[in-house]
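Participant: okay, sequence plus prediction incoming.
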Amino acid sequence: MKLVIAMIQPHKLPDVKKALFDAGIHKMTVTNVVGCGQQKGYSETYRGVVHNVNLLKKVRLEIGVNEEFVKPTIQAIIKGAKTGKIGDGKIFVMELARCIRVRTEEEGNDAIG
Amino acid sequence: MEMINAGDTAWVLASSALVMLMTPGLAFFYGGMVRRKNVLGILMQCFIILCAVSLQWVLFGYSLSFAPGNPLVGGLQWLGLSGVGQAPNPDYAATIPHLAFMIFQAMFAVITPALIIGAFAERVKFSAFLIFTLLWATFVYDPLCHMVWGVGGWLRSLGALDFAGGTVVHINAGVAGLVATLVIGKRRGYENTPTPLHNLPFVVLGAALLWFGWFGFNAGSALGAGALAAQAFVTTHIAAAAAGLSWALLEWNVNGRPTIFGTVTGVVAGLVAITPAAGFVAVPSAIIIGILVSVFCFYAVSVVKPKLGYDDSLDAFGVHGIGGIWGALATGLFATKSVNAAGADGFFYGNPQQFVNQFIAVGVTVVFTAVVTFVILKVVDALVGLRVKEEDEEIGLDLTQHQEVAYTVLE
């Protein structure tokens, strides 16, 4: 089992969600986050004073998957989020030690799917 | 100056302030309906209209609308309010200062273009919006205002009744909105993703401010603090109440649950519908006008709009256009001289001709507005381009057009 964590542009979320659904991946957790990456940030102006904002709004997706779904998940996220410009985001994949479904107390592969 | 009546003047000035508040109220009504990335764009457009059209109005808009002229447009005698002073103008309101009448009308000129922005929300360049608004105020609102309300105006001479602006304000803005959304096109991804409203309590707050301000809009249109103002005040309130309840019951029946969004939409539709009729109809007629407007508008926004597939984002046409047309026609059905001797009897009071007059006024308004609005949009598109870039639309108008954001993620 793997845990896929992706940081993407907020406005690409609908596209990513659609790509994931099309690939048969329906379970995910989504949060609003801010962060810094390679993107330079942007300026906001309040009463004439310019503020440089370098913590940018991003959306964080967390998806726990069985091995055979790791590749499709990554591909779907790339398909939905990639524009080719700086700021498209990152995908982290890590080992997932255990997964327990609360309702049934199932463990592992059964619980995740 | 001895002709000035203190009560009348006090009421018209207070009404002007009430109508002024409707534009910020509308800003919240619309602002709550858009996505969080575009809320400031809506608030900004409403406030800039309040600033820009107010100036346009005193510099030349008022003259084009109300100065003596030909049947289609006013003259230029009152440029910069020249000759518009503290003495009353008996052609329009004999008991209040001419300036009071002028500033009351200014608030109408302001809110009308603000209503249109609901149709093209979330996708138009700020520069294009600003040019469009000024051209539209000058070439659509001012001439139509003259035709309907100005001395010697064509529709006024025809005998069409419009108490507080059903044609001039609501049909006008609604049809302009429909034309705008057809010319500009849908928001990106309109078919695939719903665009959930980001702050429903704002919508309710805005509707409450609109309801409050509408007493100035309609009862203030009596231009005096007398019996007619009381009549318009009551019909306005009752039509809004009937329409809000009617919409909620309709939704409960059709969709299984009554919603607050539907209820406040119904209230606004009721206020729109009663606007041309407020000072001409009896209270029971106001109830009927209110109940029925929700039926027509509900059908327009929940059945017709999805079927035809146009993106009137915040239902400027569905509520103001449809509600305004119903109100104007209903005035021809329900008007009675027993309420207002200066009005006319309608269809149900033995005068079918009045219904025909109302029908002509609606038809002229729709055609005039549609044609001129279309031309203005094409001109603005050629000058600066109407739509924002695709990427800017994705990021949102707040950041791309104004370099501000409404809400933070972290403090």
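Facilitator: Perfect, I can see it now.

Participant: what about the lengthiest strand in chain A, near chain B?
Facilitator: For chain A, the longest strand by residue count, based on DSSP state E, is strand A:56-65. Yes: against chain B, strand A:56-65 shows contacts by Cβ under 8 Å from any Cβ of the partner chain at A:K57. Yep, even glycine has a C-beta here, placed from its N, CA and C like the rest.

Participant: next, count neighbours for B:L13.
Facilitator: A count of nearby residues for B:L13, using other Cβ atoms under 10 Å in any protein chain shown, gives 18.

Participant: ok, it touching B:L99?
Facilitator: No: assessed by Cβ atoms under 8 Å, B:L13 is found out of contact with B:L99, at 9.6 Å.

Participant: so where do the strands sit in chain A?
Facilitator: A:2-8, A:29-35, A:42-46, A:49-53, A:56-65, A:89-95.

Participant: neighbours of the residue in chain A that chain B sits nearest to, how many?
Facilitator: Per Cβ to the nearest Cβ, A:H11 is where chain A lies closest to chain B, at 3.9 Å. By the criterion of other Cβ under 10 Å, A:H11 has 20 neighbours.

Participant: residues contacting it?
Facilitator: Residues in contact with A:H11 (Cβ atoms under 8 Å, 6 or more residues apart in numbering or on different chains) are B:E394, B:I395, B:G396.

Participant: for the first one, give me its contacts.
Facilitator: Applying Cβ under 8 Å, 6+ apart, one finds that B:E394 lies in contact with A:H11, A:K12, B:R188.

Participant: how far is the longest helix seen in chain B from where the chain is centred?
Facilitator: Ranked by residue count, the top helix of chain B under DSSP state H comes out as helix B:352-383. Distance, stretch centre to chain centre, for helix B:352-383: 15 Å (Cα atoms, centre = their mean, to the nearest Å).

Participant: buried ones in that helix?
Facilitator: If you call a residue buried by 16 or more other Cβ atoms under 10 Å in any protein chain shown, then helix B:352-383 has these buried ones: B:354-355, B:357-358, B:361-362, B:364-366, B:368-370, B:372-373, B:376-377, B:380.

Participant: show me what that helix is packed against.
Facilitator: helix B:126-136, helix B:142-149, helix B:154-158, helix B:172-184, helix B:322-334 (3 or more Cβ pairs under 8 Å, 6 or more residues apart in numbering or on different chains; DSSP states H and E).

Participant: output the contacting helices and strands for the last one.
Facilitator: It refers to helix B:322-334. Using 3+ Cβ pairs under 8 Å, 6+ apart, helix B:322-334 sits against helix B:172-184, helix B:260-274, helix B:283-299, helix B:352-383.

Participant: quick one on the thing from earlier: tabulate the strands of chain A (JSON lines), appending mean neighbour count, mean pLDDT and distance to B:L329.
Facilitator: Putting these into JSON lines (neighbours: other Cβ atoms under 10 Å in any protein chain shown; pLDDT from 0 to 100; distance: least, Cβ to Cβ, whole Å) gives the following:
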{"stretch": "strand A:2-8", "mean neighbour count": "20", "mean pLDDT": "96", "distance to B:L329": "51"}
{"stretch": "strand A:29-35", "mean neighbour count": "13", "mean pLDDT": "91", "distance to B:L329": "48"}
{"stretch": "strand A:42-46", "mean neighbour count": "12", "mean pLDDT": "82", "distance to B:L329": "48"}
{"stretch": "strand A:49-53", "mean neighbour count": "11", "mean pLDDT": "82", "distance to B:L329": "52"}
{"stretch": "strand A:56-65", "mean neighbour count": "20", "mean pLDDT": "92", "distance to B:L329": "48"}
{"stretch": "strand A:89-95", "mean neighbour count": "13", "mean pLDDT": "95", "distance to B:L329": "55"}
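
Participant: now the ones you listed in a markdown table, with distance to A:A111?
Facilitator: Compiled in a markdown table, the strands of chain A are given as follows (distance: least, Cβ to Cβ, whole Å):
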| stretch | distance to A:A111 |
| --- | --- |
| strand A:2-8 | 13 |
| strand A:29-35 | 15 |
| strand A:42-46 | 41 |
| strand A:49-53 | 40 |
| strand A:56-65 | 9 |
| strand A:89-95 | 16 |
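
Participant: distance of B:F120 relative to B:G7?
Facilitator: Applying Cβ to Cβ, to the nearest Å, the value for B:F120 to B:G7 is 42 Å.

Participant: what about these two, which has more around it?
Facilitator: Neighbour count, other Cβ under 10 Å: between B:F120 and B:G7, B:F120 has more, with 28 against 13.

Participant: leaving out chain neighbours, which residue sits closest to B:A93?
Facilitator: Closest residue to B:A93 apart from its sequence neighbours, by Cβ to Cβ, 6 or more residues apart in numbering or on different chains: B:L223 at 4.3 Å.

Participant: check the gap between the residue of chain B found nearest chain A and B:F317 for me.
Facilitator: Closest to chain A within chain B is B:E394: 3.9 Å, counting by Cβ to the nearest Cβ. From B:E394 across to B:F317, the span is 26 Å (Cβ to Cβ).

Participant: how about B:T167?
Facilitator: Counting by Cβ to Cβ - B:T167 and B:F317 are separated by 15 Å.

Participant: over to B:A27?
Facilitator: Per Cβ to Cβ, B:A27 is found 19 Å from B:F317.

Participant: these two: who's more crowded?
Facilitator: More crowded of B:A27 and B:F317, by other Cβ under 10 Å: B:F317, with 31 against 24.

Participant: so what's that one up against?
Facilitator: Neighbouring residues of B:F317 by Cβ under 8 Å, 6+ apart: B:A119, B:G174, B:V175, B:G177, B:L178, B:T181, B:A300.

Participant: would it be right to say that it lies in a helix?
Facilitator: Yes: the assignment for B:F317 is a helix, going by DSSP: H, G, I helix; E, B strand; the rest coil.

Participant: now B:P97: phi and psi?
Facilitator: phi -60, psi 140 (degrees, to the nearest 10).

Participant: so the closest residue to it other than its chain neighbours, which of the three states?
Facilitator: Distances taken as Cβ to Cβ, 6+ apart put B:Q86 closest to B:P97, at 4.7 Å, once the chain neighbours are dropped. Classification of B:Q86 using three-state DSSP returns coil.

Participant: quick check: B:Q86 vs B:G216, distance?
Facilitator: 21 Å.

Participant: and for B:T95?
Facilitator: For B:T95, the distance to B:G216 (Cβ to Cβ) stands at 17 Å.

Participant: which residue of the two possesses the greater neighbour count?
Facilitator: B:G216 (26 against 19).

Participant: wait, the more buried one sits on B:L13?
Facilitator: No: counting by Cβ under 8 Å, B:L13 is not a contact partner of B:G216; they are 9.8 Å apart.

Participant: is stretch B:170-190 anywhere near chain A?
Facilitator: Yes: contact of stretch B:170-190 with chain A (Cβ under 8 Å from any Cβ) involves B:G189.

Participant: please identify the buried residues of that stretch?
Facilitator: Result for stretch B:170-190 [16+ other Cβ under 10 Å]: buried residues B:170-184, B:187, B:190.

Participant: pull the CA atoms of it into PDB?
Facilitator: In PDB, the C-alpha atoms belonging to stretch B:170-190 read as follows (Å, rounded to 0.1, in the frame of the first residue of the first chain):
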ATOM      1  CA  HIS B 170     -35.500  45.900 -14.700                       C
ATOM      2  CA  ILE B 171     -36.500  44.800 -18.300                       C
ATOM      3  CA  ASN B 172     -33.700  47.100 -19.500                       C
ATOM      4  CA  ALA B 173     -31.000  45.500 -17.300                       C
ATOM      5  CA  GLY B 174     -32.400  42.000 -17.700                       C
ATOM      6  CA  VAL B 175     -32.400  42.000 -21.500                       C
ATOM      7  CA  ALA B 176     -29.000  43.800 -21.600                       C
ATOM      8  CA  GLY B 177     -27.700  41.000 -19.300                       C
ATOM      9  CA  LEU B 178     -29.100  38.300 -21.600                       C
ATOM     10  CA  VAL B 179     -27.500  39.900 -24.700                       C
ATOM     11  CA  ALA B 180     -24.200  40.300 -22.800                       C
ATOM     12  CA  THR B 181     -24.100  36.600 -21.700                       C
ATOM     13  CA  LEU B 182     -24.800  35.500 -25.300                       C
ATOM     14  CA  VAL B 183     -22.100  37.800 -26.700                       C
ATOM     15  CA  ILE B 184     -19.500  37.100 -24.100                       C
ATOM     16  CA  GLY B 185     -20.100  33.400 -23.800                       C
ATOM     17  CA  LYS B 186     -20.200  30.900 -20.900                       C
ATOM     18  CA  ARG B 187     -17.800  30.700 -18.000                       C
ATOM     19  CA  ARG B 188     -15.100  28.100 -18.600                       C
ATOM     20  CA  GLY B 189     -16.300  24.700 -17.500                       C
ATOM     21  CA  TYR B 190     -19.900  25.900 -17.100                       C
END
